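# predicted model and sequence follow; I will ask about them next.
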Protein chains: 4
Amino acid sequence: MAGGRGISTRSDAAKNRARIVAIAEKFFTENGLDVPMDTIAKQAGVGPGTLYRHFPNRGALIAALVEDRVGDLQKTHRSLVESPQGPAARLDQWLTAMRAWMTSYDGLPGPLRQAWEEESTPLGANCVNVIEMTDELLRNAQAHGLARAELTGRDLYLANLGAAWAASAPSATKTTGEVVANLLTRGWQTESSAGVAGGD
Amino acid sequence: MAGGRGISTRSDAAKNRARIVAIAEKFFTENGLDVPMDTIAKQAGVGPGTLYRHFPNRGALIAALVEDRVGDLQKTHRSLVESPQGPAARLDQWLTAMRAWMTSYDGLPGPLRQAWEEESTPLGANCVNVIEMTDELLRNAQAHGLARAELTGRDLYLANLGAAWAASAPSATKTTGEVVANLLTRGWQTESSAGVAGGD
Amino acid sequence: MAGGRGISTRSDAAKNRARIVAIAEKFFTENGLDVPMDTIAKQAGVGPGTLYRHFPNRGALIAALVEDRVGDLQKTHRSLVESPQGPAARLDQWLTAMRAWMTSYDGLPGPLRQAWEEESTPLGANCVNVIEMTDELLRNAQAHGLARAELTGRDLYLANLGAAWAASAPSATKTTGEVVANLLTRGWQTESSAGVAGGD
Amino acid sequence: MAGGRGISTRSDAAKNRARIVAIAEKFFTENGLDVPMDTIAKQAGVGPGTLYRHFPNRGALIAALVEDRVGDLQKTHRSLVESPQGPAARLDQWLTAMRAWMTSYDGLPGPLRQAWEEESTPLGANCVNVIEMTDELLRNAQAHGLARAELTGRDLYLANLGAAWAASAPSATKTTGEVVANLLTRGWQTESSAGVAGGD
DNA sequence: CATGAATGAGCCTTCATTCAT
DNA sequence: CATGAATGAAGGCTCATTCAT
């Protein structure tokens, strides 16, 4: 119908992709991840076929959006790595940022848990990426004796994913998230009870 | 309960209900909570109408199964309350038992998070119940200075729900659960980092 | 359970039947004929089995209620037959009363149309009865040259049933019924158009 | 409509839609409006999804079929308007045609009564349309003193709808419709009884 | 005679994804 | 490369009526 020669067509496609991403971003932010694909396509002014050309399935679309946000997260990571703060503070801030990323969209923890450690899937690749960044900051804290030695980035990742998920509970307040996070940082024990329960 | 003469007409109903519960238990355990109601009915050898007579909706069926398991949990609670162990150890064991309960069925944390603090729904009532038991053991630990004073049963409940959820990740190993739980108990910080990062 | 000897049981049954009728009357009046049988049984404090013992099916229950109202209609008929008014006025009043009967319950015209001329069904028997009463008053009017000779009670019955049905339209006003009835009485033609259209 | 190159993709959709309409027409004619949607879909050789794509609900499907028939009715209207016959005869013929339309399918009067005067629904729009055509012919008759002045198109529409409904009674004969219609035209009174009973 | 448990066909939709045009 | 039509499984639920207890 258009009849351009090739390059123009490509830019068409790029424009479409961009519009889809923008609309999906909006819808996912406002309504969570449960929006039907058709709705997104319609809003983006394209047919579902076009949507599926750019993103072979729902997961791919989510992954693309998530990837964008991972970009921001990487910036945070870089700035934390170079930050003058102590390793523990850095890790702490990192985890907070990570949880924010995990709750970018309502319902995101689900796919994130699903893709966890699946290096092959696009979403999984991002997860691995985030885990590695976590690992880096964690190791640094461990090197200074500020974080328990037996922990890994994976552990922190998954635990915080659970925290992010829990904090999205219907009757959860804003505080809820912080409390749960705090628990992950300090545990429920006091120093005097250490060794008495759990652990090791 | 079954009994001899006159009173019943319930013998058959009870039998059916029991069969439904047994089948649901089986399916939920094997395939998670997403089994179609009709499948359960069919397998139980009853019509959908009968299923819906006993359990007006999927939530009610889940609640019934969960309630059974809460029974076990209560026993655990009682034995812990009377246990000679120290308060911290008791709380620790309680939380482990609670997480086991939360993962009775694949997908259970979802409804549990949903019903959380809804006293009116059958499932919510059970949650409240569990939270209270948690609270009791927590307060006891707090009274001995073995658990941080600002925590509540709700906090521990929700955090552990998140942990239970996270530990159900597809590629999670058995260890995963323990590690996350351990994190909730002791936090990631070492003593020397306390105060440097995180909460309060 | 009661243990009376027979007569007492019978009175139990009668009491049940009466309660069912009373409740059904109430429900049908308030919510139309679409109320589920179970609802009526429950409200009447009996099991559905009992309900079905007294009334073998929904139609029978409706028929029983309708029959009660036919009783009133018969009184009206008698008083009209003995009334000093002219035959045309009597017929007119009769038709009004009949339409009121036809709309005793929302949705009644349906079953009435269905049962129409089925002498064998209980509801049909009532219809036949009403048609006969109509016929009597009509014939009287015809004998005085006040009603068109070719009409029968059946015709008037069915036409008024249609009118009753139409007057139950959602956005019908109170006037609607009267207007339609008036149409059935006088037709849409003026005298000067008689013979030009329709008829014969 | 089918066409040659490029524009379409609709050829198949149109074909499907046509098939659906044809099947629905057939089923509705033979079995009344109560045919399950799934049945129609299956018979049309399409999935239920396709059926619902074309007609978002049963009402829309009915409306589409009814609209087709309204087309015929409009032709009748035009030819009557231009007819050399007198206004009363025209109105009479119009009402007959309208009743025929109203009974296109068994059970149609129901939805028609429901949608009556709901300009917003597709079916309602058609009703309004028909009422307006009725009004036009009625006014013409009134202008010549051939129809009672106080009547409106709405009145005639609804009264005839009731007549159409009544004439669909199970044991109604072909004659029944005519008799009832005749009643609406001339009323049951003779001239000599005018004023004695009814109206005004 | 009452009870209420059981039946089970039937209904309307929704949506991720594919593929003909 | 875009379109949007088609798919079709799946799913939750109702209710008139029967019948075992």
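Here it is on my side, so go on.
# low-scoring stretches of chain A, by residue?
By pLDDT under 70, the low-scoring segments of chain A are A:1-11, A:192-200.
# show me it divided up by domain.
If you go by automatic domain parsing, the domain ranges for chain A are A:8-54, A:58-183.
# out of those, the one nearest D:Q114 is which?
domain A:8-54 (30.2 Å; CB to CB). From N, CA and C alone the C-beta is placed, and that goes for glycine too.
# picking that back up, deepest of the domains of chain A, which one?
domain A:58-183 (a mean of 19; mean count of other CB atoms under 10 Å in any protein chain shown).
# that one: how far from the chain's middle?
Centre-to-centre, domain A:58-183 and its host chain are 6 Å apart (CA atoms, centre = their mean, to the nearest Å).
# follow-up on the earlier one: make JSON lines from the domains of chain A and add distance to chain D to it.
Listed next are those as JSON lines, based on distance: least, CB to the nearest CB, whole Å:
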{"stretch": "domain A:8-54", "distance to chain D": "10"}
{"stretch": "domain A:58-183", "distance to chain D": "18"}
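# could I get these as TSV with distance to DNA strand E?
As requested, the domains of chain A are exported to TSV (distance: least, CB to the nearest atom of the strand, whole Å):
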stretch	distance to DNA strand E
domain A:8-54	4
domain A:58-183	4
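# for those domains, which one sits closest to C:Q142?
domain A:8-54 (66.7 Å).
# quick one: the closest one to chain centroid distance?
What separates the centre of domain A:8-54 from the centre of its chain is 20 Å, taken as CA atoms, centre = their mean.
# is that domain anywhere near chain B?
No: Domain A:8-54 lies apart from chain B when judged by CB under 8 Å from any CB of the partner chain; the minimum separation is 13.2 Å.
# what about the residue of chain A found nearest DNA strand F, helix or strand, and which?
Residue nearest to DNA strand F within chain A (CB to the nearest atom of the strand): A:G49, separated by 1.8 Å. Taking DSSP states H and E as the criterion, A:G49 maps to helix A:48-54.
# check which helices and strands that helix sits against.
For helix A:48-54, the packing partners by 3 or more CB pairs under 8 Å, 6 or more residues apart in numbering or on different chains; DSSP states H and E come out as helix A:7-31, helix A:37-44.
# could you redo the last one with a cut-off of 10 Å?
helix A:7-31, helix A:37-44, helix A:58-81 (3 or more CB pairs under 10 Å, 6 or more residues apart in numbering or on different chains; DSSP states H and E).
# got phi/psi on the closest residue to A:T176 other than its chain neighbours?
By the measure of CB to CB, 6 or more residues apart in numbering or on different chains, the closest residue to A:T176 outside its immediate chain neighbours is A:A167, 5.2 Å from it. Note on A:A167: backbone dihedrals following degrees, to the nearest 10 are phi -70, psi -10.
# how about the contacts made by A:A167?
A:99, A:102-103, A:109, A:173-181, B:158-159, B:162 (CB atoms under 10 Å, 6 or more residues apart in numbering or on different chains).
# can you do 7 Å?
A:T176, A:G177, A:V180 (CB atoms under 7 Å, 6 or more residues apart in numbering or on different chains).
# that one and A:A181, how far apart?
Going from A:A167 to A:A181 by CB to CB, to the nearest Å gives 8 Å.
# re the thing from before, what's the helix holding A:G49 in contact with?
A:N16, A:R17, A:I20, A:M37, A:D38, A:I40, A:A41.
# mind picking the two most distant members of those residues?
A:R17 and A:D38 (17.5 Å).
# ok, is stretch A:86-104 in contact with chain B or not?
Yes: counting by CB under 7 Å from any CB of the partner chain, chain B has neighbours in stretch A:86-104: A:G86, A:A88, A:A89, A:L91, A:D92.
# could you export those residues as TSV, including secondary structure?
Listed next are the residues of stretch A:86-104 next to chain B as TSV, based on DSSP: H, G, I helix; E, B strand; the rest coil:
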residue	secondary structure
A:G86	coil
A:A88	helix
A:A89	helix
A:L91	helix
A:D92	helix
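# same list (the residues you listed) but as CSV, adding distance to chain C.
Listed next are the residues of stretch A:86-104 next to chain B as CSV, based on distance: CB to the nearest CB, whole Å:
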residue, distance to chain C
A:G86, 69
A:A88, 65
A:A89, 65
A:L91, 62
A:D92, 60
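# okay, those in TSV with distance to D:R139 next?
TSV is the format used below for the residues of stretch A:86-104 next to chain B (distance: CB to CB, whole Å):
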residue	distance to D:R139
A:G86	91
A:A88	89
A:A89	87
A:L91	85
A:D92	83
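# what's in contact with whichever strand or helix holds A:N182?
Per DSSP H and E: A:N182 is located in helix A:174-186. Applying CB under 7 Å, 6+ apart, the external contacts of helix A:174-186 come out as A:92, A:95-96, A:99, A:159-160, A:163, A:166-167, B:155, B:158-159, B:162, B:183-184, B:187-189, B:197-199.
# and stretch A:122-131, by the same measure?
Taking CB under 7 Å, 6+ apart as the rule, stretch A:122-131 contacts A:59-60, A:62-63, A:66-67, A:70, A:73, A:98, A:111-112, A:115-119, A:153-154, A:157.
# likewise for stretch A:13-20?
The contact list for stretch A:13-20 (CB under 7 Å, 6+ apart) reads A:I40, A:A44, A:G45, A:V46, A:T50, A:L51, A:H54.
# any residue of that stretch up close to DNA strand F?
Yes: against DNA strand F, stretch A:13-20 shows contacts by CB under 7 Å from any atom of the strand at A:A13, A:N16.
# got the CA positions of that stretch in PDB?
C-alpha atoms of stretch A:13-20 as PDB (Å, rounded to 0.1, in the frame of the first residue of the first chain):
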ATOM      1  CA  ALA A  13       8.300  -0.900  11.400                       C
ATOM      2  CA  ALA A  14      10.500   0.800  13.900                       C
ATOM      3  CA  LYS A  15       7.800   3.400  14.400                       C
ATOM      4  CA  ASN A  16       5.200   0.700  15.000                       C
ATOM      5  CA  ARG A  17       7.400  -1.100  17.500                       C
ATOM      6  CA  ALA A  18       8.000   2.100  19.300                       C
ATOM      7  CA  ARG A  19       4.300   2.900  19.500                       C
ATOM      8  CA  ILE A  20       3.500  -0.600  20.800                       C
END
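# keep only those of the contacts of helix A:174-186 that are in helices.
A:92, A:95-96, A:99, A:159-160, A:163, A:166, B:155, B:158-159, B:162, B:183-184 (DSSP state H).
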